[in-house]
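# Got a sequence here, can you model it:
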Amino acid sequence: MVNCATLYREFGAEHEPEIAELLPAWPLMRQPARKSDKRAPKVKMTEADGTMYLDATGLTCPLPVLRLQKALRELGAGACLCLHATDPMSEIDVPHFVDEHGHVLVDMQTKTGAGPGGMTVFEFVIRKARAL
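Numbers count the residues shown, from 1 in each chain. Below is the predicted model of the structure:
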């Protein structure tokens, strides 16, 4: 599988027209993201149950897990965090991360069509076991 970065690195800027023919979205993909385009996840605490909610919808691998790790650092042992992600790899990555770091995956649900644009949302409830 060849991606844009590989093509650009291998063939350089002088072959940009040929790359654009191979990959119609190339001009859009090669432009650097503006700060306003970057989407930081929303993090909020609920007062009722003390659960932290982390919205990582729209972020792609590995960002949902990295944001989860950062959010867990701020929580005390035994606290719960609910993560919402739309990245299909999060279905594999999050349980693996939770198990690898000794936390507890309390619940995992897949909500088809619940995300932006009808995307599937993966919801994870994680209990922090110890300090990171």
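# looking at the sheet around residue 52, what are its partners?
Per DSSP bridges, the residues bridged to residue 52 are residue 45, residue 81.
# separation between it and residue 73?
Separation of residue 52 from residue 73 (C-beta to C-beta, to the nearest Å): 11 Å. In this view, the C-beta of every residue, glycine as well, is placed from N, C-alpha and C.
# So between these two, which is more surrounded?
A count of neighbours by other C-beta atoms under 10 Å puts residue 52 above the other of residue 52 and residue 73, at 19 against 10.
# my guess is that one meets residue 81, correct?
Yes: between residue 52 and residue 81 there is a contact under C-beta atoms under 8 Å: 4.7 Å.
# quick one: common contacting residues for these two?
When C-beta atoms under 8 Å, 6 or more residues apart in numbering defines a contact, the residues bordering residue 52 and residue 81 alike are 71, 75.
# so what's residue 107 up against?
With contact set as C-beta under 8 Å, 6+ apart, residue 107 has these partners: 123, 124, 125.
# Any idea how many residues pack against the second one?
The number of residues packed around residue 124, counting by other C-beta under 10 Å, is 24.
# What strands line up against the helix or strand hosting it, and which way round?
Per DSSP states H and E, residue 124 falls inside strand 121-127. Strand 121-127 sits in its sheet next to strand 80-85 (antiparallel), strand 104-111 (antiparallel), going by DSSP bridges.
# Just send the ones you listed back as CSV, with mean pLDDT too.
What follows is the strands paired with strand 121-127, written out as CSV (pLDDT from 0 to 100):
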stretch, mean pLDDT
strand 80-85, 91
strand 104-111, 92
